[in-house]
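In: how does the following fold in three dimensions:
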Amino acid sequence: MAHQAQQHMINELVTKTVEAMEATVDQELEKLDKMDDDDLDAIRERRIKQMQKMQAQKQEYKNLGHGTYQTITNEKEFFELSKKSDRMVCLFYIDTSMRCKLVDKHFETLCQKHYETRFIRLNAEKAPFLTERLKIRVMPTILLVKDTVVCDRIVGFDELGGTDNFPTSLLEWRIAQQKIINYSGDLTRPPVEEVKDKKTVTVQRNLRVVEHSSDSELDD
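Out: Okay, the predicted model is just below:
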């Protein structure tokens with residue numbers, strides 16, 4: 001009996017939800033029916049202006065170097081670019097880290113999808129001041145910069161499933177937590193429950209191979 005009563009409540013809830021959705025659709029259809037040519041022209045004009053504004057904004061971003069994944073060569077460039085772009089993602093890397101090269105592949109995709117944000121990379125060994133000031137020790141380290149301030153960082157792959165085999169969508173979701181990129185998905189839940197086929201890799205610590213480690217480190 002209890003199960004039947006519970007099922008009855010569920011059925012009622014589903015029915016009410018469907019009815020509410022149908023009522024909303026009916027209201028929108030009614031609004032459309034009442035629109036005349038002037039109303040439709042106004043909607044079309046607003047849409048055109050919106051698209052023109054978006055295109056102009058995209059061109060402005062492109063002029064700043066957005067849409068590309070750039071390697072910068074020194075700390076001065078880092079500070080200059082952070083002043084030009086209000087949102088920036090920077091990978092601190094070393095040439096011998098395979099995991100840094102994996103991040104490169106993801107960023108090459110994300111930079112073209114998110115024109116609103118600047119994506120760059122900087123060799124940590126050529127940026128001693130920043131690595132010391134920001135206490136960057138593990139490679140890869142991803143800095144998330146907003147209005148010239150480092151607001152968050154992603155260190156290694158622990159937050160990405162602890163594996164090399166994470167999808168670009170997971171890294172995208174993690175970066176979006178601080179609104180560094182425009183994200184239309186659900187920020188409360190990652191886009192994947194878990195990453196399958198986890199792999200262990202051999203990485204390097206100060207150019208020397210170290211077994212059983214997932215990320216590279218710099219000496220103090």
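In: please pull out the lowest mean pLDDT helix or strand from this structure.
Out: strand 208-210 (a mean of 31; mean pLDDT, DSSP states H and E).
In: pull stretch 131-149 out as CSV, backbone CA atoms only.
Out: Provided in CSV are the C-alpha atoms of stretch 131-149 (Å, rounded to 0.1, in the frame of the first residue of the first chain):
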residue,chain,number,x,y,z
THR,A,131,57.7,31.3,-9.5
GLU,A,132,59.3,32.3,-6.2
ARG,A,133,56.7,35.0,-5.4
LEU,A,134,53.8,32.8,-6.2
LYS,A,135,55.5,29.7,-4.7
ILE,A,136,55.1,27.7,-7.9
ARG,A,137,56.8,24.3,-7.4
VAL,A,138,54.8,21.7,-9.3
MET,A,139,54.6,21.5,-13.1
PRO,A,140,52.1,22.0,-14.6
THR,A,141,50.7,24.9,-12.7
ILE,A,142,47.9,26.9,-14.2
LEU,A,143,47.3,30.5,-13.0
LEU,A,144,43.8,32.1,-13.4
VAL,A,145,44.1,35.8,-13.5
LYS,A,146,41.3,38.4,-13.3
ASP,A,147,41.9,42.1,-13.4
THR,A,148,45.7,41.6,-12.9
VAL,A,149,45.1,39.5,-9.8
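In: buried residues, stretch 68-84. List them.
Out: Across stretch 68-84, burial judged by 16 or more other CB atoms under 10 Å covers 69, 72, 75, 78, 81-82. Backbone N, C-alpha and C define where each C-beta goes, glycine included.
In: what's the closest of those residues to Gln57?
Out: Distance to Gln57, by CB to CB, is smallest for Leu81 among the buried residues of stretch 68-84, at 18.3 Å.
In: that closest one: what secondary structure?
Out: Following DSSP: H, G, I helix; E, B strand; the rest coil, Leu81 is assigned to helix.
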